[in-house]
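# the sequence isn't on hand, but the structure is:
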C-alpha cells in the first residue's frame with residue numbers, strides 16, 4: 001500500500017513570533033490513519049512567515065485529504081491554506 005505526502009503552506013491571519021499554538025491545533029486535525037511528517041517556516045515579507053506542514057495520508061482511503069484540508073482551513077488564526085506539493089511514496 002502506498003501513501004500520498006502533501007505539503008501545505010499555512011498563512012496566519014497576523015504576524016506571529018511562534019507557531020507552537022498553531023501546530024497543536026493542526027496536530028489535533030490530523031486523521032488517525034495519517035501522520036504528521038514535519039514542519040517548516042518560510043519568510044514571506046515584512047516579518048510575515050508561513051508555516052509549512054507535511055502530512056502523509058494512506059492512498060486507499062477516499063476523501064481523507066479533503067476532510068483534513070477543510071479542518072485545516074477552519075482553524076482560528078489561519079488566513080489561507082495552499083497546497084504546495086503532492087507526491088506519492090511507497091514507504
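On my side now, so go ahead. No experiment lies behind these values; they were computed from the predicted model shown.
# so who does the spatially most central residue of the chain touch?
The centre of the chain sits closest to residue 53, judged by CA atoms, centre = their mean, with a distance of 3.8 Å. Neighbouring residues of residue 53 by CB atoms under 8 Å, 6 or more residues apart in numbering: 7-8, 10, 26, 36, 39, 72. For glycine as for every other residue, the C-beta is placed from the backbone atoms N, C-alpha and C.
# farthest residue from the center of this protein?
residue 46 (22.8 Å).
# ok, the spatially closest residue to that residue that is not a sequence neighbour - contacts?
In this structure, residue 46 finds its nearest non-sequential neighbour in residue 15, 7.9 Å apart by CB to CB, 6 or more residues apart in numbering. Contact partners of residue 15, counting by CB under 8 Å, 6+ apart, are 46-49.
# okay, strands next: where are they in the chain?
3-12, 35-45, 48-58, 78-89 (DSSP state E).
# now render these as JSON lines, adding distance to residue 20 and mean pLDDT.
Output for the strands of the chain, formatted as JSON lines (distance: least, CB to CB, whole Å; pLDDT from 0 to 100):
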{"stretch": "strand 3-12", "distance to residue 20": "12", "mean pLDDT": "96"}
{"stretch": "strand 35-45", "distance to residue 20": "10", "mean pLDDT": "94"}
{"stretch": "strand 48-58", "distance to residue 20": "10", "mean pLDDT": "96"}
{"stretch": "strand 78-89", "distance to residue 20": "15", "mean pLDDT": "95"}
